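Peer 1: This is a predicted model, with the sequence first.
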Amino acid sequence: MNFIDLKKNWRELLVENGYVKLILIIQTLSILVLIVVLANKSTVATVAPPNFTQAFTVGKDSASNTYFEAWGLSISELMGNVNPGNVKFVKKSLAEYMAPSVYQEVALELEEQVAAIIDEGIRTSFIPMQVLTEKDTGKIFITGNHTVSMSGIPDKKSTRTYEFKISVVNYRPIVTGFDVYEMQARTKEVLAQMAQAQAQREQQAAIQQGNR
């Protein structure tokens, strides 16, 4: 009788041992899968552009539109508010946010203006009025009121637009495309209207030329 009970208990122990081994195998596989997933998953960082209290969630090479708009706004304010005391700082700061090819062009233009800004005391101010993102192109437009002040002459005021294309590279915002002009945002629709108007002017000029 004791032998029969011992045999029965031994079989139950073997079954339980088999279950334990199976559970251990499943747990090991689950841990391995989790390790692979975590290894391939980009870290998500929470950062905020200068002068912004709102935090933005940023991946290694991606971010939300609001993040790009915030950086576009921050950089446009940096570029649009220049005076003899900060012009060199502005030039140096832009190097941190712009791709080398973009920065070379901007730095060259700033370099030409540095002497005039310092020697003649020129001051510029920019007050953003509109932030626009064009989904099709990824362009960000910051439009506002731009003022150039200089002692002895009336202020020169205009509507100015800073146009950006911004990417995230290793969690850092990098301006990969840039333009600035004295008019409203040149969106795809506006560019199409400008092209159409130009074509009409050329057509009218051709007609007038042919009638002479």
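Peer 2: That came in fine, so what should we check first?
Peer 1: Kindly spell out which helices and strands sit in contact with the helix or strand encompassing Glu109.
Peer 2: Under the criterion of DSSP states H and E, Glu109 resides in helix 100-120. In this structure, helix 100-120 makes packing contacts with helix 87-97, strand 172-181, judged by 3 or more CB pairs under 8 Å, 6 or more residues apart in numbering; DSSP states H and E. C-beta: built from backbone N, CA, C; applies to glycine.
Peer 1: From the contact counts, what lies against the lengthiest strand in the chain?
Peer 2: In the chain, ranked by residue count with DSSP state E as the criterion, the top strand is strand 153-169. Applying 3+ CB pairs under 8 Å, 6+ apart, one finds that strand 153-169 makes contact with helix 65-80, strand 139-150, strand 172-181.
Peer 1: what residues are up against Phe164?
Peer 2: Residues in contact with Phe164 (CB atoms under 8 Å, 6 or more residues apart in numbering) are 68, 71-72, 75-76, 139-142, 175, 177-178.
Peer 1: which secondary element of the chain has the worst mean pLDDT?
Peer 2: Least confident element among the helices and strands of the chain, by mean pLDDT, DSSP states H and E: strand 45-47 (a mean of 52).
Peer 1: what about Glu120, how many neighbours?
Peer 2: 12 (other CB atoms under 10 Å).
Peer 1: what pLDDT does the spatially closest residue to it that is not a sequence neighbour get?
Peer 2: Excluding its sequence neighbours, the residue lying closest to Glu120 (CB to CB, 6 or more residues apart in numbering) is Met150, at 6.1 Å. Per-residue pLDDT puts Met150 at 83.
Peer 1: wait, Met150 sits on Gly121?
Peer 2: Yes - assessed by CB atoms under 8 Å, Met150 is found in contact with Gly121 at 6.6 Å.
Peer 1: hey, what's in contact with both of the two?
Peer 2: With contacts taken as CB under 8 Å, 6+ apart, Met150 and Gly121 have no neighbour in common.
Peer 1: ok, back up a step: what's the closest of the contacts of Phe164 to Lys165?
Peer 2: Nearest to Lys165, judged by CB to CB, of these is Gly177 at 3.2 Å.
Peer 1: show me the contacts for the nearest residue to that closest one once chain neighbours are set aside.
Peer 2: With CB to CB, 6+ apart as the criterion, Gly177 has its nearest non-adjacent residue at 3.2 Å, and that residue is Lys165. Neighbouring residues of Lys165 by CB under 8 Å, 6+ apart: 137-140, 175-178.
Peer 1: repeat for Tyr162
Peer 2: Tyr162 neighbours (CB under 8 Å, 6+ apart): 72, 75-76, 79-80, 141-143, 178-180.
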